[in-house]
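>>> give me a 3D structure for the following:
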Amino acid sequence: MAPVVTPAHRTIHVVRHAKAFSRKRYDGDDTHRPLSEEGRSQAEALAERFDEPPRVPIDRVSSSGAVRCVETVSPLAAHRGLEVEHLDDLGEGSPPAAALRSLVELASESPAGGGIVACSHGDVIFGLLVELVATGLELSGPLSVPKGSVWELTVGDGQVVAAGFRPPP
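Model prediction:
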């Protein structure tokens, strides 16, 4: 049976970064690898998706420090007049349990009915979803994290009570 989602719940929109330049072809520190042209278009489309009626409430925008993640959520942050906050637990290779804990803590600091957008990497998001499934949570969507996709995690009473998938734009 699906949990009843109330206005007191908060939503964490966990975004996998949009398409970036090829890791193999990028010469330099991988954390500095930017979005490709297609990725920049995806980032703009994601920002527009959050603004479509009904407009999704967003109180904070957090991201891995990797340039491709920051660039993915920067258009949304700009549309909402928010800063992109760096969260180390969202970095590539971070323990998924730590990322999940940090996101739930951020959600608990948001007003009831509020929302957070958090951009991370495929390995972290996939691991976070596996953590949720291990607790018995049933995912509403495929156990998949394509670039530019969004997992909407509903948080109530300090835990994730629902998780739904939105495909990339």
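>>> going forward, measure contacts and count neighbours with C-alpha atoms only.
Fine.
>>> sketch out the low-pLDDT regions of the chain for me.
Applying pLDDT under 70 to the chain flags the ranges 1-7.
>>> which parts of it are strands?
10-16, 60-63, 84-86, 115-120, 139-140, 150-156, 159-166 (DSSP state E).
>>> ok, now which ones touch the closest residue to A163 other than its chain neighbours?
Nearest residue to A163 in three dimensions, chain neighbours excluded: L153, at 4.5 Å (C-alpha to C-alpha, 6 or more residues apart in numbering). By C-alpha atoms under 8 Å, 6 or more residues apart in numbering, the contact set of L153 is 11-14, 160-164.
>>> make TSV out of those residues and add distance to K147 and neighbour count.
Below are the contacts of L153 laid out as TSV (distance: C-alpha to C-alpha, whole Å; neighbours: other C-alpha atoms under 10 Å):
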residue	distance to K147	neighbour count
T11	20	26
I12	17	25
H13	14	26
V14	11	25
V160	22	21
V161	24	20
A162	21	20
A163	18	21
G164	16	15
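>>> between the residues you listed, which sits nearest P34?
P34 has its nearest neighbour among these in V14, at 19.2 Å by C-alpha to C-alpha.
>>> surely the closest one meets V117?
Yes - judged on C-alpha atoms under 8 Å, V14 makes contact with V117 at a distance of 6.0 Å.
>>> tally up the residues packed near T135, please.
Using other C-alpha atoms under 10 Å, T135 has 10 other residues around it.
>>> distance of it relative to V160?
Per C-alpha to C-alpha, to the nearest Å, T135 is found 10 Å from V160.
>>> check contacts around the nearest residue to L90 once chain neighbours are set aside.
Closest residue to L90 apart from its sequence neighbours, by C-alpha to C-alpha, 6+ apart: S64 at 4.7 Å. Residues in contact with S64 (C-alpha under 8 Å, 6+ apart) are 70, 86-92, 119-121.
>>> columns distance to A78 and neighbour count on top of these, output as JSON lines?
Formatted as JSON lines, the contacts of S64 follow (distance: C-alpha to C-alpha, whole Å; neighbours: other C-alpha under 10 Å):
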{"residue": "V70", "distance to A78": "12", "neighbour count": "25"}
{"residue": "H86", "distance to A78": "15", "neighbour count": "18"}
{"residue": "L87", "distance to A78": "18", "neighbour count": "18"}
{"residue": "D88", "distance to A78": "21", "neighbour count": "17"}
{"residue": "D89", "distance to A78": "23", "neighbour count": "22"}
{"residue": "L90", "distance to A78": "20", "neighbour count": "28"}
{"residue": "G91", "distance to A78": "22", "neighbour count": "22"}
{"residue": "E92", "distance to A78": "24", "neighbour count": "18"}
{"residue": "C119", "distance to A78": "15", "neighbour count": "32"}
{"residue": "S120", "distance to A78": "18", "neighbour count": "29"}
{"residue": "H121", "distance to A78": "21", "neighbour count": "25"}
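>>> great, nothing more from me.
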